[in-house]
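K.L.:
Give me a 3D structure for the following:
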Amino acid sequence: MIMSTIAHNLQAVDASIVAAAAAAGRPRADVQLLAVSKTFPAGAVLDAVAAGQRAFGENYLQEALDKMRAVAQALPGIELAWHFIGPIQSNKTKPIAGGFSWVHTVDRLKIAQRLSEQRPPELGPLNICLQVNISGEASKSGVSPGELPELARQVALLPNLHLRGLMAIPEPETQPEKQRIAFRQLRELADTLRAQGLSLDTLSMGMSSDLGAAVMEGATIVRIGTAIFGSRHYD
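P.N.:
The predicted model follows:
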């Protein structure tokens, strides 16, 4: 039964987070689990909600909006946090600004400015993470580490955004020690920005295959899809 499978998987992921946090000498409460529900139907989200999950990550805007409406209709009165974690096109910023509570993938000032301008005031500031291309891959989105400080300073000044921290999708590695290198670099970038006066409290890093390494290096949000919902439809 898919419901019991998702509930079981959530328990297993939580146990992995508990173990990694304990190994790092961190409280479990320091690490938020973001269930990445992209490509999965609203029913999978409903099963996860039934198992206690409340924060969900989506990559594809139209799919996300349709899913969010279906879930809201099925669960009126239950408050969920929706995080946008996909690439952002300039012409899609308005529905993102109005429909999500977090955006993890800001890497250009133009996008941040549009999100700030289009954020409905009654919703309060939109939580923002800046995506850093930590491994320098040409195929990956993200601001370069060298350009990050200036972008961070500019985004922090925008009125309807709350700059919370940094996000990265490092180049895949299979060895935990090698996985930790990129995550450590992201943490050090955040430390540098804090030393420069920016109040950052979030490191969005780590997925199903490298969760442990990310938590060891200070992740505060781990983005887990496959380990919760199973293989994606396009895998």
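K.L.:
Where does Tyr227 sit: helix, strand or coil?
P.N.:
Wrong residue type there; residue 227 is Ala, not Tyr. Secondary structure state of Ala227, per DSSP: H, G, I helix; E, B strand; the rest coil, is helix.
K.L.:
That one - nearest residue in space that isn't next to it in sequence?
P.N.:
Nearest residue to Ala227 in three dimensions, chain neighbours excluded: Ser208, at 3.9 Å (CB to CB, 6 or more residues apart in numbering). From N, CA and C alone the C-beta is placed, and that goes for glycine too.
K.L.:
number of nearby residues for that neighbour?
P.N.:
17 (other CB atoms under 10 Å).
K.L.:
Can you give the contact residues for whichever strand or helix holds Val45?
P.N.:
Using DSSP states H and E, Val45 sits within helix 42-50. Helix 42-50 has contacts (CB atoms under 8 Å, 6 or more residues apart in numbering) with 2-3, 6-7, 10, 35, 37, 56, 66-67, 70-71, 74-75, 78, 80, 228-229.
K.L.:
hmm, try it at 6 Å
P.N.:
Identification of contacts with helix 42-50 by CB atoms under 6 Å, 6 or more residues apart in numbering yields 3, 6, 35, 37, 67, 70-71, 74, 229.
K.L.:
same deal with stretch 95-108?
P.N.:
81-85, 88, 112, 115, 118-120, 127-131, 141-143, 167, 204.
K.L.:
now those residues: which count as buried?
P.N.:
Using 16 or more other CB atoms under 10 Å as the burial test, the contacts of stretch 95-108 include 82-85, 88, 112, 115, 119, 127-131, 141-143, 167, 204 as buried.
K.L.:
Restricted to helices, list those residues.
P.N.:
Assigned to helices by DSSP state H, the following of the buried ones among the contacts of stretch 95-108 qualify: 112, 115.
K.L.:
Please narrow the buried ones among the contacts of stretch 95-108 to those residing in strands.
P.N.:
Among the buried ones among the contacts of stretch 95-108, the residues falling in strands (DSSP state E) are 82-84, 127-131, 167, 204.
K.L.:
Which two of the residues you listed have the greatest separation?
P.N.:
For those, the maximum inter-member distance is 19.1 Å, found between Trp82 and Leu130 (CB to CB).
K.L.:
Which residues does stretch 161-181 contact?
P.N.:
Against stretch 161-181 from outside (CB under 6 Å, 6+ apart): 104, 116, 125-132, 134-135, 137, 155-156, 182, 186, 190, 200, 202-205, 210, 213, 217.
K.L.:
Now, of the residues you listed, which are buried?
P.N.:
104, 116, 125-132, 134-135, 155-156, 182, 186, 190, 200, 202-205, 210, 213, 217.
K.L.:
ok, Gly124 - how many residues close by?
P.N.:
11.
K.L.:
Can you list phi and psi of it for me?
P.N.:
Note on Gly124: backbone dihedrals following degrees, to the nearest 10 are phi 80, psi 170.
K.L.:
before we move on, what about His104?
P.N.:
Main-chain torsions, His104, degrees, to the nearest 10: phi -100, psi -10.
K.L.:
so where's the chain uncertain?
P.N.:
1-3, 233-235 (pLDDT under 70).
K.L.:
Quick one: residues contacting Ala74.
P.N.:
Leu46.
K.L.:
all numbers from here: first residue = 33
P.N.:
In the new count, where the first residue is 33, that last one comes out as Ala106.
K.L.:
what secondary structure does Arg196 sit in?
P.N.:
The three-state assignment at Arg196 reads strand, by three-state DSSP.
K.L.:
What is the burial count for it?
P.N.:
Using other CB under 10 Å, Arg196 has 23 other residues around it.
K.L.:
Could you report the separation of it from Leu112?
P.N.:
18 Å (CB to CB, to the nearest Å).
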